[in-house]
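Enquirer: predicted model and sequence below, questions to follow.
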Amino acid sequence: MDSSSSLWNSCIQPRNNAMNNFQLKCSNGHPLNAVSSHDGVAGSSIAKEDSKTQPIEASFPLSDASECIGSNLSITVVGASGDLAKKKIFPALFALYYEDWLPENFIVYGYARTKMTDEELRNMISRTLTCRIDKRENCEDKMDQFLKRCFYHSGLYNSEDDFSDLDSKLKEKECGKDSNRLFYLSIPPNIFVDVVKCASLKASSRNGWTRVIVEKPFGRDSESSRELTRCLKQYLTEEQIFRIDHYLGKELVENLSVLRFSNLVFEPLWCRNYIRNVQLIFSEDFGTEGRGGYFDNYGIIRDIMQNHLLQILALFAMETPVKVLRSMRQIQLEDVVVGQYKGHNKSGKSYPAYTDDPTVPKDSLTPTFAAAALFIDNARWDGVPFLMKAGKALHTRRAEIRVQFRHVPGNLYKRNFGTDLDKTTNELVLRVQPDEAIYLKINNKVPGLGMRLDRSDLNLLFRSRYPREIPDAYERLLLDAIEGERRLFIRSDELDAAWSLFTPLLKEIENKKIAPELYPYGSRGPVGAHYLAAKHNVRWGDLGIEE
Ligand SMILES: NC(=O)C1=CN([C@@H]2O[C@H](COP(=O)(O)OP(=O)(O)OC[C@H]3O[C@@H](n4cnc5c(N)ncnc54)[C@H](OP(=O)(O)O)[C@@H]3O)[C@@H](O)[C@H]2O)C=CC1
Ligand SMILES: O=C1O[C@H](COP(=O)(O)O)[C@@H](O)[C@H](O)[C@H]1O
């Protein structure tokens, strides 16, 4: 597919007054809806402390679509009928509401082509809302109150008139008060620009900020990604664009810098002198069922590696993330293994092949698994392999970062360990999911007479240490977008650097029609991944784990 020409086909020149429409001026001449001095005010006005001082209950009941409620934050979920909206976005908004993180008078609008009434939207959302295990009191009441703030508008994604109608409805709810507007684009990428154009021209805030959260994929190579950025920037400033990579909102990923920079036992070791290799592992125990149409155009390298795993790598290795990405060596095809799952029968149950999906061509070469060795050519990481592995339809669902340390020089206890010295090196594991944990494999004397050594874990298991539910990544990121905190969102220069690293490899795989190694659904993936690791003197750390 020639993505640069067709994917963003709606990227047309804005009318002359487009930017004027979108950047309304306040009395001091600053654009009100760009992040500016005004933004700070808006951001602070929705801080938790503020919402605590103004009880949310004050403004109920709310349910009539034309009712004026003085909303000061209007969130529009574009693609509200879709999978991500139901699964993640509405539940995350409810969790924020439940925990009093949203401002007093917020409203949520669902927008999609599907015809629905407000009531039908509420019914749809209500099926996916849950209260935290430790916060069950008033759960039903809170859900009702939240749902009363949810409304729906059906419209086309490329219709300025439909967005004008949305604007009118939003205005009714805002009753002329200062109100900020957040749009969440939970839609396929080929309509991102249409929506941004219509929303910016017809439904941006007149007197507050307007921000747009954009879901991945941000293009499918350097050219299409740059084109997307160029098109979005015809209607939005970079400060208004919040490119979401939900892995950056995961608790353990947030914790990475804290672990490194606030522990003297780690920070001095964070370099080539002590670290032998780093492994970034993502696996899912289900296939692309239901998403084959999207997936076949992207594949696992674009779906997981180029974004989630690379962002984690950059955070792990950072001087600053962009600097790290720019210091990375071009990935060589011989340092990459690709795979695709095939059908499998297990215990009388049959599991489909990737190409059994009716939306996937029978002869598809799209990888559902990939492993790669990457290198950072800077003083800190020279020669340290960063191994990535990502796959669908594997034996387990897991995401983790594994840091394998070097051997102890002249190890005094060598003979107490047997022959496999690799098994004696320390390994730090950050288990991102499931069951968040940080553990360090250390060597220890087995209690008793004699000198027998053993490997044990110093284990920080989050559910034992912090017995409260961990917020979903989407909660953190939605809140950050509302507060104007951009730290966990992808900047355009970062995105560009990430694509520059992967685009030549992706093109080579596609041009040479590299056939993926087939692996059975539910297995540990292609054996090629083990040869790749061995070539770099690495043993995958997740091999010993029994499921
Ligand atoms: N689902 C997931 O787990 C994840 C999704 N994402 C990204 O989030 C975004 C939304 O994902 P998801 O909810 O799964 O997507 P869906 O395929 O469910 O699409 C969302 C909505 O967009 C509309 N839509 C779908 N296809 C088209 C089309 N071809 N043309 C116009 N409108 C269409 C439909 O609404 P209607 O017909 O009512 O207009 C649909 O309900 C995508 O960019 C995806 O890549 C990112 C990470 C994970
Ligand atoms: O972005 C994506 O992420 C999901 C996995 O997210 P997780 O939070 O459930 O681990 C993946 O299934 C999907 O293919 C990909 O697009």
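Expert: Yes, it's here. Not measured: the values here are computed from a predicted model. Ligands and ions are numbered 1, 2, ... in the order given.

Enquirer: beta partners of Ile213?
Expert: Taking DSSP bridges, one finds Tyr184, Phe242 as the beta-bridge partners of Ile213.

Enquirer: how close does whatever residue of the stretch 351-500 of the chain ends up closest to ligand 1 sit to Arg463?
Expert: Across the stretch 351-500 of the chain, the shortest distance to ligand 1 (C-beta to the nearest ligand atom) belongs to Tyr474, at 9.8 Å. Quick note: C-beta positions are derived from backbone N, CA and C, even for glycine. Distance, Tyr474 to Arg463, using C-beta to C-beta, to the nearest Å: 20 Å.

Enquirer: more neighbours: which of those two?
Expert: Set side by side, Tyr474 and Arg463 give different neighbour counts by other C-beta atoms under 10 Å, the larger being at Tyr474 (23 against 12).

Enquirer: mind listing what the closest residue to ligand 2 within the stretch 51-200 of the chain touches?
Expert: Taking C-beta to the nearest ligand atom as the measure, the point where the stretch 51-200 of the chain comes nearest ligand 2 is Lys88, at 8.5 Å. Under the criterion of C-beta atoms under 8 Å, 6 or more residues apart in numbering, the contact list for Lys88 reads His246, Asp472, Tyr474.

Enquirer: tell me if the last one really is in a helix.
Expert: Yes. Per DSSP: H, G, I helix; E, B strand; the rest coil, Tyr474 lies within a helix segment.

Enquirer: please begin residue numbering at 637 from this point
Expert: New numbering, starting at 637: the last item is Tyr1110.

Enquirer: thought it was touching Ile725?
Expert: Yes. Between Tyr1110 and Ile725 there is a contact at 6.3 Å, judged by C-beta atoms under 8 Å.

Enquirer: could I get the buried residue list for the top helix by length along the chain?
Expert: Ranked by residue count under DSSP state H, the longest helix found in the chain is helix 1128-1147. Under the neighbour-count criterion of 16 or more other C-beta atoms under 10 Å, helix 1128-1147 has 1128, 1130-1139, 1141-1142, 1145 buried.

Enquirer: how about the residues of the stretch 737-886 of the chain by ligand 2?
Expert: By C-beta under 6 Å from any ligand atom, the part of the stretch 737-886 of the chain that sits against ligand 2 consists of His882.

Enquirer: can you check the chain too?
Expert: Residues of the chain lying near ligand 2 (C-beta under 6 Å from any ligand atom): His882, Glu920, Asp939, Ala1035.

Enquirer: report the two of those residues separated the most.
Expert: His882 and Glu920 (14.4 Å; C-beta to C-beta).

Enquirer: could you find the closest non-adjacent residue to the residue of the stretch 987-1136 of the chain closest to ligand 1?
Expert: Excluding the flanking residues, the one nearest Tyr1110 by C-beta to C-beta, 6 or more residues apart in numbering is Ala728, at 3.8 Å.

Enquirer: neighbours of the closest residue to ligand 1 within the stretch 837-986 of the chain, how many?
Expert: Of all residues in the stretch 837-986 of the chain, Glu851 sits closest to ligand 1, with a separation of 3.6 Å (C-beta to the nearest ligand atom). Glu851 is surrounded by 20 other residues when neighbours are defined as other C-beta under 10 Å.

Enquirer: was I right to think it contacts Asp881?
Expert: No. Under the criterion of C-beta under 8 Å, Glu851 is not in contact with Asp881, lying 9.5 Å apart.

Enquirer: and stretch 1121-1128, which residues are buried?
Expert: When burial is assessed from 16+ other C-beta under 10 Å, stretch 1121-1128 yields the following buried residues: Arg1122, Leu1124, Phe1125, Ile1126, Ser1128.

Enquirer: closest to ligand 2 out of the residues you listed?
Expert: Among those, Ile1126 lies closest to ligand 2 (C-beta to the nearest ligand atom), at 12.8 Å.

Enquirer: which residues touch the closest one?
Expert: Each residue near Ile1126 by C-beta under 8 Å, 6+ apart is listed here: Phe854, Arg879, Ile880, Asp881, Leu884, Asn943, Gln947, Ala1134.

Enquirer: report the beta-bridge partners for it.
Expert: For Ile1126, the beta-bridge partners under DSSP bridges are Arg879.

Enquirer: now it: how far from Val889?
Expert: Spatial separation of Ile1126 from Val889 under the definition C-beta to C-beta is 13 Å.

Enquirer: so which elements touch the host helix or strand of Asn1079?
Expert: Element membership of Asn1079 [criterion: DSSP states H and E] is strand 1073-1081. In terms of contacts (3 or more C-beta pairs under 8 Å, 6 or more residues apart in numbering; DSSP states H and E), strand 1073-1081 is packed against helix 887-897, strand 1063-1069, strand 1089-1097.

Enquirer: tabulate the ones you listed (CSV), appending mean neighbour count and mean pLDDT.
Expert: As requested, these are arranged in CSV below (neighbours: other C-beta atoms under 10 Å; pLDDT from 0 to 100):
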stretch, mean neighbour count, mean pLDDT
helix 887-897, 16, 94
strand 1063-1069, 20, 97
strand 1089-1097, 14, 92
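
Enquirer: for the longest helix of the chain, packing partners?
Expert: In terms of contacts (3+ C-beta pairs under 8 Å, 6+ apart), helix 1128-1147 is packed against helix 858-868, strand 877-879, helix 946-953, helix 957-962, strand 972-978.

Enquirer: what about 10 Å?
Expert: Other elements packing on helix 1128-1147 under the criterion 3 or more C-beta pairs under 10 Å, 6 or more residues apart in numbering; DSSP states H and E are helix 858-868, strand 877-879, helix 935-936, helix 946-953, helix 957-962, strand 972-978, strand 1005-1010.

Enquirer: which residues of the chain lie near ligand 1?
Expert: In this structure, the chain approaches ligand 1 at residues 715, 717-721, 748-750, 793, 822-825, 827, 851-853, judged by C-beta under 6 Å from any ligand atom.

Enquirer: show me where pLDDT drops low in the stretch 687-836 of the chain?
Expert: Scanning the stretch 687-836 of the chain for pLDDT under 70 picks out the ranges 687-703, 706-707, 769-772.

Enquirer: what about 50?
Expert: Regions of the stretch 687-836 of the chain meeting the criterion pLDDT under 50 cover residues 687-697.

Enquirer: show me where it has its strands.
Expert: For the stretch 687-836 of the chain, strands defined by DSSP state E, counting those that start in this stretch occupy the ranges 709-714, 742-748, 786-790, 816-821.

Enquirer: got those strands as JSON lines, with mean neighbour count columns?
Expert: JSON lines is the format used below for the strands of the stretch 687-836 of the chain (neighbours: other C-beta atoms under 10 Å):
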{"stretch": "strand 709-714", "mean neighbour count": "26"}
{"stretch": "strand 742-748", "mean neighbour count": "26"}
{"stretch": "strand 786-790", "mean neighbour count": "23"}
{"stretch": "strand 816-821", "mean neighbour count": "26"}
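
Enquirer: lovely, talk soon.
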